[in-house]
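Undergrad: Sequence and predicted structure are below.
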Protein chains: 2
Amino acid sequence: MPKRGMLIVLSGPSGVGKGTVRKAMFDQGGTDFQYSISMTTRHPRAGEVNGKDYFFVSKATFEHNIETGGMLEYAQYVDNYYGTPMKYVQETLAAGKDVFLEIEVNGAMQVREKMPDGVFIFLTPPDLMALKQRLIGRGTETMAVIDERIHQAVTEIKMMRNYDYAVVNDKIPLAVSRIREIIRAERLRVPRVYPEYAQMLESSELQPGNSEDKKGL
Amino acid sequence: MPKRGMLIVLSGPSGVGKGTVRKAMFDQGGTDFQYSISMTTRHPRAGEVNGKDYFFVSKATFEHNIETGGMLEYAQYVDNYYGTPMKYVQETLAAGKDVFLEIEVNGAMQVREKMPDGVFIFLTPPDLMALKQRLIGRGTETMAVIDERIHQAVTEIKMMRNYDYAVVNDKIPLAVSRIREIIRAERLRVPRVYPEYAQMLESSELQPGNSEDKKGL
């Protein structure tokens, strides 16, 4: 039985740039983990490819998936479903490969419930003060709207407490390399690697008395 | 008050190459953490410098340090004391700098008791089977001695369960870069960074109503 793969979840407040960072990472290449493609009931936009950008399915199919426990996480936005099919994630992990999800914060919390041993990474905006100044500078919003936007951002950033790591999206290549380092470090965590060592330590060749036999082979 | 530094502890079975890896890392440069120099009662060897390789002190001084709670960890080997003075570690962490210790497994467990939020890294030998074959191939030890050596190695490797990370010392530069990645990833852990965010989120400039004042400044 191969060692089970690791689940990596990238999430963060809407507008922080999750999709851009994820795309930059996979475009860069050298990723030794699999991207799990989301499923949606919305129509493909120009250029979007089924099975690459999304799995585009009917509402009936998506709802059947929900009812039969086939979704690892899902949400409904503006009359459309978006979510992560369970099957691909489970099969890939079972084959010993690591799986990468890039999903919304509500979805991430659903995944955390089901797979608490995943690695949960929260992407944060670099600077709230800068956001506020930018909104004020733009001059298109009233102060009440700006305060509301900032209040929402503060609430969203507080959600990072439910995650393992916080990565600032100040520069995309920096955010990508931080995420890569987190993944490499997590692979060295004792609870992840110990089962392999235990297996080696139990190996009969290391047991006393077996040495003579081996020598004679 | 600056953010508190992080304690990093490198340990592992005797003979695994802890000292070599630590030295290679600091010789390489670019280390943004401080090495905590050990204290000992043994005499300096040729070329060893007080305050660089060790703090060389008398037995009376070392024992006074133990009695007054001045040692973070210590052990006695062959009539000499070795240990980590508490003061330097505490002061450096309080100043917001990360501290690196390279110590024996018993010492590491003493540190874990006192500072459970440290990062504990276990350096492991690459291959027990190879060790056994090497001992057999050498032909200088009886099978009983070899079995005893292997048994001891197995026992020591099982100690990794008390650590956060396991790093294989297969090639020194690889072991060094794994340790560096662990340190960088650990700095992004939510429990370490959240206090800073909390401070930012509480900042009065982000509170509703204060925007107008700020604008007028």
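TA: Structure received.

Undergrad: can we go C-alpha only for contacts and neighbour counts from here?
TA: OK.

Undergrad: And the helix or strand hosting residue A:149, what does it pack against?
TA: Secondary structure assignment for residue A:149, by DSSP states H and E: helix A:143-158. Judged by 3 or more C-alpha pairs under 8 Å, 6 or more residues apart in numbering or on different chains; DSSP states H and E, the packing partners of helix A:143-158 are helix A:128-138, helix B:210-216.

Undergrad: per-stretch mean pLDDT over the ones you listed, give me the minimum one.
TA: Confidence, taken as mean pLDDT, is least for helix B:210-216 of those (a mean of 46).

Undergrad: can you map out the helices along chain A?
TA: A:18-28, A:59-67, A:86-94, A:105-114, A:128-138, A:143-158, A:172-186, A:190-202, A:210-216 (DSSP state H).

Undergrad: and those helices, which one is worst for confidence?
TA: Across these, helix A:210-216 gives the lowest mean pLDDT, at a mean of 46.

Undergrad: still on that earlier bit, next, format the helices of chain A as TSV and append distance to residue B:160 and mean neighbour count.
TA: Conversion of the helices of chain A to TSV gives the following (distance: least, C-alpha to C-alpha, whole Å; neighbours: other C-alpha atoms under 10 Å in any protein chain shown):
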stretch	distance to residue B:160	mean neighbour count
helix A:18-28	32	16
helix A:59-67	41	14
helix A:86-94	25	16
helix A:105-114	26	18
helix A:128-138	41	15
helix A:143-158	34	16
helix A:172-186	15	19
helix A:190-202	7	15
helix A:210-216	25	11
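
Undergrad: Which one, of these, ends up nearest to residue B:109?
TA: Each of the helices of chain A was scored for nearness to residue B:109 using C-alpha to C-alpha, and the closest is helix A:190-202 (15.6 Å).

Undergrad: chain center to the closest one, what's the gap?
TA: Distance of helix A:190-202 from the chain centroid (C-alpha atoms, centre = their mean, to the nearest Å) equals 25 Å.

Undergrad: Same check on stretch A:119-127?
TA: 11 Å.

Undergrad: what mean pLDDT does that stretch have?
TA: Per-residue scores along stretch A:119-127 average to 91.

Undergrad: For it, list every residue counted as buried.
TA: Within stretch A:119-127, the residues that count as buried by 16 or more other C-alpha atoms under 10 Å in any protein chain shown are A:119-125.

Undergrad: now do stretch A:157-167
TA: So for stretch A:157-167, counting by 16+ other C-alpha under 10 Å, buried means A:157, A:160, A:163-167.

Undergrad: closest to chain B among those?
TA: Taking C-alpha to the nearest C-alpha as the measure, residue A:165 is the one of the buried residues of stretch A:157-167 closest to chain B, at 4.3 Å.

Undergrad: List the contacts of that closest one.
TA: A:120-122, B:188-190 (C-alpha atoms under 8 Å, 6 or more residues apart in numbering or on different chains).

Undergrad: and it, what pLDDT?
TA: 98.

Undergrad: mind checking how far it is from residue A:141?
TA: Going from residue A:165 to residue A:141 by C-alpha to C-alpha, to the nearest Å gives 33 Å.

Undergrad: Please apply the same query to residue A:99.
TA: From residue A:99 to residue A:141 the distance is 41 Å (C-alpha to C-alpha).

Undergrad: what residues does stretch A:28-38 touch?
TA: A:25, A:51-55, A:82-85, A:88-89, A:92, A:97-101.

Undergrad: quick one, which of residue A:99 and residue A:141 is more surrounded?
TA: The neighbour count for residue A:99 versus residue A:141, taken as other C-alpha atoms under 10 Å in any protein chain shown, is higher for residue A:99 (22 against 12).

Undergrad: how about that one, what does it touch?
TA: So residue A:99 contacts A:5-8, A:33-36, A:89, A:92-93 (C-alpha under 8 Å, 6+ apart).

Undergrad: Just list whatever residues bridge to it.
TA: residue A:7, residue A:34 (DSSP bridges).

Undergrad: And it, how close does it get to chain B?
TA: 19 Å (C-alpha to the nearest C-alpha, to the nearest Å).

Undergrad: Can you give me the pLDDT of that residue?
TA: 97.

Undergrad: if I look at it, how far off is residue A:114?
TA: 15 Å.

Undergrad: Determine which two of the buried residues of stretch A:157-167 are furthest apart.
TA: A:157 and A:164 (13.5 Å).

Undergrad: show me the contacts for the closest residue to residue A:170 other than its chain neighbours.
TA: Leaving aside its chain neighbours, residue A:170 sits nearest to residue A:126 (5.1 Å; criterion: C-alpha to C-alpha, 6 or more residues apart in numbering or on different chains). Applying C-alpha under 8 Å, 6+ apart to residue A:126 gives the contacts A:168-170.
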